[in-house]
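Engineer: kindly return the folded structure for what I paste below:
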Amino acid sequence: MGMTIGIDVGGSTTKIIGVDKEGIKHPMIVRAEDPVTSLFGAFGKYIYDNGINLSDIERVMLTGVGSAYVNQPLYGLPTHHTDEFRANGLGAHYGSQLKDIIVVSMGTGTSFVKVEGEKIEHIGGIGIGGGTIQGLSRLLLKTHDIHQVVEMAQKGIIENIDLQIKDICNSPLPGLPLDATASTFGKASANASMEDVAAGIIHMVLQSIGQSVILAALNSHIKDFVLIGNLAKLPQCKEIFPIMEEMYQCHFHIPEYAEFRTALGAALLNFAR
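Structural biologist: Okay, here's the model as predicted:
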């Protein structure tokens, strides 16, 4: 069996990954101004950089919102479209020892996909994600460069922005430690530093995502949440989600190649047919 290529086509970012009998091969991200340019650029760069012959490729599996723009062969290879939510489920579960999970796909917005055994079900989502960080950063920080925002946020002090339980109460509340957030941006002043504002934006988005999936899982037995997508690689995830784990007795998991898991799931769907 040859290599299967999974490609997650976004609006301006394309993620590509290969899978063969030996496992995952050469994950890559390529950015361009439109999805078609991004796709063809990613695929061409992928096969060139990794010395892959077109004859070595068995199938090309496409997913993501940008894949709808592609209805022709890719460098002469037929393309096959796959369901993004199934790709999320399969990709997040790959290599995991977990049984039942909720996949938290953090892209421009955020979707939740429940995986129970062989059943993969999209259960909803929220319009908060990377697009929120970029939009608020344009308005408040005059930049949408996520790397710049993250760097600024690491120098910020969240206690200067968020109102915490300790600001309104002198003792912890049931299930809420003193450093729990009572109100995001509830303590921000008009002269807050840009670093503090950046920290507030990222904390607000990640906390909202985490709390939303916890609420989405209330009527189920699932306590394991797998974070995938670009936001899963933000350094603030390692600060925010462990606090929520302790508060809500759940577990957030960030797998290897977290940002490529949807592309990986698309490739895996070839083997699941």
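Engineer: only C-alpha atoms for contact and neighbour calcs from this point on.
Structural biologist: Noted.
Engineer: quick one: pLDDT of M1?
Structural biologist: Predicted confidence (pLDDT) for M1: 60.
Engineer: Q154 contacts G200, doesn't it?
Structural biologist: No - distance between Q154 and G200: 10.6 Å, which falls outside the contact criterion (C-alpha atoms under 8 Å).
Engineer: which of those two has more neighbours?
Structural biologist: G200 (22 against 16; other C-alpha atoms under 10 Å).
Engineer: pLDDT averaged over the helix or strand containing that one - what is it?
Structural biologist: Secondary structure assignment for G200, by DSSP states H and E: helix 194-216. Average pLDDT, helix 194-216: 98.
Engineer: packing partners of that helix?
Structural biologist: Applying 3 or more C-alpha pairs under 8 Å, 6 or more residues apart in numbering; DSSP states H and E, one finds that helix 194-216 contacts helix 130-141, helix 146-155, helix 237-248.
Engineer: contacts for the second one, please.
Structural biologist: The reference is to helix 146-155. 133-134, 137, 143, 194-200, 202, 234, 236 (C-alpha atoms under 8 Å, 6 or more residues apart in numbering).
Engineer: now swap in the last one and tell me
Structural biologist: Judged by C-alpha under 8 Å, 6+ apart, the contacts made with helix 237-248 from elsewhere in the structure are 175-176, 203, 206-207, 210, 214, 250-252.
Engineer: rerun at 6 Å
Structural biologist: By C-alpha atoms under 6 Å, 6 or more residues apart in numbering, the residues outside helix 237-248 that reach it are H251.
Engineer: quick one: mean pLDDT over that helix.
Structural biologist: Average pLDDT, helix 237-248: 94.
Engineer: quick one: distance of that helix to the chain centre.
Structural biologist: 17 Å (C-alpha atoms, centre = their mean, to the nearest Å).
Engineer: buried residues in stretch 227-236?
Structural biologist: 227-233, 236 (16 or more other C-alpha atoms under 10 Å).
Engineer: tell me which of those is nearest to I168?
Structural biologist: I168 lies nearest to Q236 out of the buried residues of stretch 227-236, by C-alpha to C-alpha, at 24.9 Å.
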